[in-house]
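[1] Predicted structure and sequence below. I'll ask about it afterward.
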There are 2 protein chains.
Amino acid sequence: MVQRQGDEPLNERAQHLLRMLVHRYIQDGQPVGSRALTRDSGLGLSAASIRNVMADLEEAGYIQSPHTSAGRIPTDRGYRFFVDSLMRVRPESGLDSDSLRLRLDAGQDAGTLVDSASNLLSGLTHLAGVVTLPKRDFSAIRHLEFLPLTERRILAIVVLNDREVQNRVIETDRAYSPAELQQVSNYLAAEFAGKSVSDVRRGLLEAMQADQQHMNTLMTSAIAVARELFSEPPAEDDDFVMAGETNLMTFAELSSVEKLKELFEAFGQKRDILHLLDRCLSADGVQIFIGEESGYRAFDGVSLVTSTYQSDDEVLGVLGVIGPTRMEYDRVIPIVDVTARLLGHALKPGQAPPHP
Amino acid sequence: MVQRQGDEPLNERAQHLLRMLVHRYIQDGQPVGSRALTRDSGLGLSAASIRNVMADLEEAGYIQSPHTSAGRIPTDRGYRFFVDSLMRVRPESGLDSDSLRLRLDAGQDAGTLVDSASNLLSGLTHLAGVVTLPKRDFSAIRHLEFLPLTERRILAIVVLNDREVQNRVIETDRAYSPAELQQVSNYLAAEFAGKSVSDVRRGLLEAMQADQQHMNTLMTSAIAVARELFSEPPAEDDDFVMAGETNLMTFAELSSVEKLKELFEAFGQKRDILHLLDRCLSADGVQIFIGEESGYRAFDGVSLVTSTYQSDDEVLGVLGVIGPTRMEYDRVIPIVDVTARLLGHALKPGQAPPHP
DNA sequence: GTTGGCACTCGCATTGCTGGAGTGCCAGCA
DNA sequence: TGCTGGCACTCCAGCAATGCGAGTGCCAAC
């Protein structure tokens, strides 16, 4: 990156003005001029002085002017500084938290909850909401069942956490007789019941490294089958749900059809978005990507506010909100934060189911 | 509908010119003037004569001019007449059919097939593809299983057709002990194995009307549970999958952001679309809704070409393509038709699974 | 019935103009 | 040294005027 003169820290006044400018721009989407700022700032400064400061801010890369005689708008860097150092998150208006809880009812199945959360996010922020399906690594295995389809293909059904059912077809190395399969099934069901998927995976790894000569045929078969079943997470774990994409069509910044197309294509591809969301999985708490920071061209002019959601300290997934860089960060961030907490809570196993 | 002078049948020449006009407009999206038509028509007529005919066509409601001194464009009614009487469907270029078959591989599960079909449609037509999930009414029940969750909540797992697994939580009138549930489970599994969902439903209806005093407790319980399970189709049966929505953003007719928003919101709501697709279920073969014919405002300027798909004479669902009214009907229709056939074929139970 | 001609109508792009908002810079002042 | 008022300059947005081109409708003549 090019060294800029402006890399020296901003003084108090410049920071204050930058905050005002960003705030104002977020409100009405018009470039902010020196006159408007003089009024807003509350400092008893003249427009000329403000102009001087604005020139500094521009040189430092925090703001820019779309053309000579327009006001200034924040750059990505300006938003970043605003979000990191200038902004104070608005405390959610207590009421929210309660009414939200009602809409994320514990005891529903994961798919429904994820949908609700996504709708909730988009509804509250008037932006697009996005929620990844929860990882199932820490779910307890409740029930296990194998059905022979053809000689070498078995339909495996796994029930997790009282509620979720997953199934996949596995291909085996050799043919299993129904009786044999039944044995394997019983053995594995007894062995795995109550354990979490990641425990099982770890256990399998150990078993495979152990001396196989001490095992009987049943165990060897069982391990082979189980390995096939648990070797990699099911495809659905790698997916997300969006809601309210159309909200993005209202923003002037994104109203060029080409820009929109690019963005919606990115949503459809899923790959880039997933990659981006995966990056958020590692750091917990709220994370923000502003415009080009994401590294994807389709995300120019677009920001992503995310948070991991977790139950019992295990990170299950990521949720967040996609909108124009010009979004009300101070309002959106707490919404994302609260929603993440509520979703995590609602997903906690053993929650009371809703009364019929 | 208002009676128009033009309701008298169009003469040969008028029909020919209408065909040319629609064809031309579909090709380049520009209003077609009399000069252009004189060249295209092949008739040795002058522009003035053409203009006379065009005036007739306009009066009859088949074409209209966006403003005084532009050419003419087809109205919905014009497209309708074109599609019904003037157009000749292009025979698919044999090659297609083979390469398509490869992309709709029999033996995959319904979800994957539906996704593929949807992508196929949008890829081939450069429009948006839409496919409803297949109804499962005619699927054979392969396996049935009940797991107690809480006293009155039971997780039911139904395996259909070797491949599809459906599960739902049912609420019972009274508490069942695990042993009792096991009995019910065994009884129903034996009773239902191999029957289709609709057979079972019919059977249940009869059983309920029969004199219940002749039944033992087991049967009564079993019927109560089964009724809960099969009373109405699972929610997923009532859903569809779309692909290539972004293709619609390229068309000039739809390039106003507001129109697009309206349309995409309709896609998101699903309700209207589902309703529209349901209407297609009854009539089999290819069906077409042009513009306002659909009755939904969001569909102004948009056409829908659909076909039912079926295996073994049972209609399973609907698929189709959504695009601007100005679409190449003669090319799109056979694509929809073939895709429907291939999807129906691929969904046929007992198809050889793909070799690993 | 067909044709050429003619007047007419729009839409669209270009041009020139004006007002307003905003900037940068400078000289003067505390 | 920092702040301020003033001034010249720039650029956009909106508006009217204009000319051009494409296309129409109608009519009289063939």
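    In hand now; what should we look at? Numbers count the residues shown, from 1 in each chain, chains lettered A, B, ... in the order given.

[2] for chain A, which helix is longest?
    Longest helix in chain A by number of residues (criterion: DSSP state H): helix A:329-347.

[3] which of the residues in it are buried?
    Within helix A:329-347, the residues that count as buried by 16 or more other CB atoms under 10 Å in any protein chain shown are A:329-330, A:332-344, A:346-347. Every C-beta, even on glycine, is put in place using the N, C-alpha and C of the backbone.

[4] same check, this time on stretch A:252-259
    By neighbour count on 16+ other CB under 10 Å, the buried set for stretch A:252-259 is A:253-254, A:257, A:259.

[5] Would you mind putting those residues into a markdown table with secondary structure and distance to B:Ser85 alongside?
    Shown next, in a markdown table, are those (DSSP: H, G, I helix; E, B strand; the rest coil; distance: CB to CB, whole Å):
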| residue | secondary structure | distance to B:Ser85 |
| --- | --- | --- |
| A:Glu253 | helix | 48 |
| A:Leu254 | helix | 43 |
| A:Val257 | helix | 35 |
| A:Lys259 | helix | 42 |
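
[6] Closest one to DNA strand D out of those residues, please.
    Taking CB to the nearest atom of the strand as the measure, DNA strand D lies nearest A:Glu253 of those, at 13.5 Å.

[7] Does that closest one touch A:Arg326 like I think?
    Yes. Counting by CB atoms under 8 Å, A:Glu253 touches A:Arg326, with 6.2 Å between them.

[8] what touches both of those two?
    Here A:Glu253 and A:Arg326 share the contacting residues A:Gly29, scored by CB atoms under 8 Å, 6 or more residues apart in numbering or on different chains.

[9] In terms of secondary structure, what does the longest helix of chain A contact?
    Applying 3 or more CB pairs under 8 Å, 6 or more residues apart in numbering or on different chains; DSSP states H and E, one finds that helix A:329-347 contacts helix A:95-103, helix A:110-125, strand A:286-290, strand A:302-311, strand A:314-324.

[10] JSON lines for these, including distance to DNA strand C?
    Shown next, in JSON lines, are those (distance: least, CB to the nearest atom of the strand, whole Å):
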{"stretch": "helix A:95-103", "distance to DNA strand C": "35"}
{"stretch": "helix A:110-125", "distance to DNA strand C": "28"}
{"stretch": "strand A:286-290", "distance to DNA strand C": "22"}
{"stretch": "strand A:302-311", "distance to DNA strand C": "24"}
{"stretch": "strand A:314-324", "distance to DNA strand C": "20"}
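
[11] At the contact with chain B, which residues of the stretch 51-200 of chain A appear?
    A:109, A:142-143, A:145, A:147, A:149-150, A:152-153, A:155, A:157, A:159, A:162-163, A:165, A:167, A:169, A:171 (CB under 8 Å from any CB of the partner chain).

[12] Show me which of those residues are buried.
    Buried members of these, counted by 16+ other CB under 10 Å: A:109, A:142-143, A:145, A:147, A:149, A:153, A:155, A:157, A:159, A:162-163, A:165, A:167, A:169.

[13] Narrow those residues to those in strands?
    Taking DSSP state E as the definition of strands, these contribute A:142-143, A:145, A:147, A:149, A:153, A:155, A:157, A:159, A:165, A:167, A:169.

[14] and those, which two are the farthest apart?
    Maximum pairwise distance among those (CB to CB): 24.0 Å, between A:Arg142 and A:Arg153.

[15] Distance of the residue in the stretch 251-356 of chain A that DNA strand D sits nearest to relative to A:Leu260?
    Nearest residue of the stretch 251-356 of chain A to DNA strand D (CB to the nearest atom of the strand) works out as A:Ala252 at 11.2 Å. Using CB to CB, to the nearest Å, we find A:Ala252 at a distance of 12 Å from A:Leu260.

[16] Then A:His275?
    A:His275 sits at a distance of 21 Å from A:Leu260 (criterion: CB to CB).

[17] related to what we said a few turns ago, reformat the ones in strands among the buried ones among the residues of the stretch 51-200 of chain A next to chain B into TSV and put distance to A:Ile50 and pLDDT next to each item.
    Listed next are those as TSV, based on distance: CB to CB, whole Å; pLDDT from 0 to 100:
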residue	distance to A:Ile50	pLDDT
A:Arg142	65	86
A:His143	68	85
A:Glu145	71	84
A:Leu147	74	82
A:Leu149	74	78
A:Arg153	73	82
A:Leu155	70	84
A:Ile157	68	86
A:Val159	65	86
A:Val165	63	82
A:Asn167	65	81
A:Val169	67	81
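
[18] ok, of the residues you listed, which one's closest to B:Val318?
    A:Asn167 (26.2 Å).

[19] any idea what sits nearest that closest one, other than its immediate chain neighbours?
    Among residues not flanking A:Asn167 along the chain, B:Val165 sits closest, at 4.2 Å (CB to CB, 6 or more residues apart in numbering or on different chains).

[20] residues contacting that neighbour?
    Contacts of B:Val165 (CB under 8 Å, 6+ apart): A:155, A:157, A:165, A:167, B:157-159.

[21] same for DNA strand C: which of these are within range?
    Residues of the contacts of B:Val165 in contact with DNA strand C (CB under 7 Å from any atom of the strand): none.

[22] That concludes my questions; thank you for your assistance.
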